[in-house]
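1. pasting the structure only:
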């Protein structure tokens with residue numbers, strides 16, 4: 001099976017993990033601190049604004065908690081989002097308010113966010129679909145214009161930039177994912193950005209049991225190092241040095257990963273351009289740089305479903321990300337969002353990852369062309 005997503009791991013990551021084992025320190029330590037420092041450099045932000053966390057969903061939960069959002073508060077998010085984003089809101093007793101998206105980019109827009117504002121709105125939690133940023137200036141202007149927080153779910157956007165700035169650092173809070181299917185992989189793990197040191201410090205306390213002072217090993221001559229205090233009822237949501245060792249190696253390779261993904265994206269553009277029955281992804285805006293996390297095709301819904309089955313029978317896995325959250329009955333959102341619904345019925349994500357070979361890309365293209373000749 002040719003996978004939609006696939007990590008690129010090898011001897012470097014395995015050797016890095018081996019060195020952690022040899023050190024006898026597997027928890028959060030020097031390597032995690034180094035990973036945070038290097039990731040901050042990658043983003044172009046101050047080190048004290050970046051904190052690691054055990055997964056992106058937990059980072060979103062922490063964002064909602066740090067902001068003090070609670071019962072009856074509303075947070076706007078695109079219905080084409082990962083379920084973890086909506087869960088982070090609803091778990092605090094707040095209301096996820098789903099907005100429509102642009103049919104082609106599948107990103108929220110300033111207009112779709114503005115249409116959902118009410119006096120109870122506290123934040124907007126936006127996604128950069130497939131690593132392609134939307135109109136961040138416009139969305140930030142809408143949020144700042146009414147005094148709400150802009151949170152960026154940058155899970156798919158580890159190398160995405162907007163006007164030279166790292167995606168995830170435009171709003172007040174950003175979260176990136178390093179799970180097993182992402183571009184930069186640590187098994188599980190994530191990074192968070194907070195636009196003030198105060199928010200970052202508050203997040204750090206919440207991510208480690210609410211501790212304001214730490215107990216444990218110290219080189220200090222002070223006695224009773226086991227004493228501690230807490231400021232809140234926090235969880236234990238930290239990364240460890242095993243994951244961070246992988247992360248440091250993967251971060252070093254990230255530019256090569258992105259170059260390869262761009263090559264595959266451009267190759268698909270060339271190979272599939274002559275098919276009149278489908279639309280290719282929209283071009284990357286001049287002011288942006290994509291992470292090329294998804295490559296998505298759009299076509300008539302009945303053709304989409306038949307193509308997905310045809311490809312799977314021939315060893316090519318495809319999917320659609322993300323199922324519209326306003327269709328999930330548990331959230332109780334009985335609304336219509338026409339552009340998102342049209343996109344959900346017509347969009348298919350085909351394989352794109354840095355381990356794809358040129359022959360596999362050609363095979364995928366050939367199979368799509370074959371389907372078109374026989375069935376469209």
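-> That came through fine. Fair warning: this is a prediction, and the values are worked out from it, not measured in the lab. Numbering: from 1, shown residues only.

2. and residue 258, how far is that from residue 207?
-> Counting by Cβ to Cβ, to the nearest Å, the gap from residue 258 to residue 207 is 28 Å. Yep, even glycine has a C-beta here, placed from its N, CA and C like the rest.

3. Show me which of these two is the more surrounded one.
-> residue 207 (26 against 21; other Cβ atoms under 10 Å).

4. wouldn't the more buried one be in contact with residue 63 here?
-> No - counting by Cβ atoms under 8 Å, residue 207 does not reach residue 63; the two are 11.2 Å apart.

5. Domains of the protein: list them as residue ranges, please.
-> If you go by automatic domain parsing, the domain ranges for the chain are 11-250, 255-375.

6. And the shortest one, end to end?
-> Taking Cα to Cα, to the nearest Å, domain 255-375 runs 39 Å from one end to the other.

7. same check, this time on stretch 97-109
-> Stretch 97-109: ends 14 Å apart by Cα to Cα.

8. next one: that stretch to chain centre, how far?
-> Taking Cα atoms, centre = their mean, to the nearest Å, one finds the center of stretch 97-109 at 16 Å from the center of the full chain.

9. Mind checking the pLDDT average for that stretch?
-> For stretch 97-109, mean pLDDT rounds to 98.

10. Likewise for stretch 156-169?
-> Here stretch 156-169 scores 98 as its mean pLDDT.

11. contact partners of that stretch?
-> 42-45, 127-133, 136-137, 152, 154, 170, 174-178, 182-184, 193, 195, 254-255, 257-258, 287-291, 293-294 (Cβ atoms under 8 Å, 6 or more residues apart in numbering).

12. got any residues that touch both of residue 207 and residue 63?
-> Joint contacts of residue 207 and residue 63 (Cβ under 8 Å, 6+ apart) do not exist.

13. looking at this protein, which helix or strand does the model trust least?
-> Sorted by mean pLDDT, DSSP states H and E, the helices and strands of the chain end with strand 211-213, the least confident at a mean of 80.

14. Tell me the strands beside the next helix or strand after that strand, with direction?
-> Next in sequence after strand 211-213, counting helices and strands by DSSP states H and E, comes strand 229-230. Strand 229-230 has its sheet partners listed here by DSSP bridges as strand 211-213 (antiparallel).

15. Spatially nearest residue to the residue nearest the centre of the chain (excluding sequence neighbours)?
-> By Cα atoms, centre = their mean, the chain has its centre lying nearest to residue 155, at 1.0 Å. Distances taken as Cβ to Cβ, 6 or more residues apart in numbering place residue 177 nearest to residue 155, at 3.8 Å, with adjacent residues excluded.
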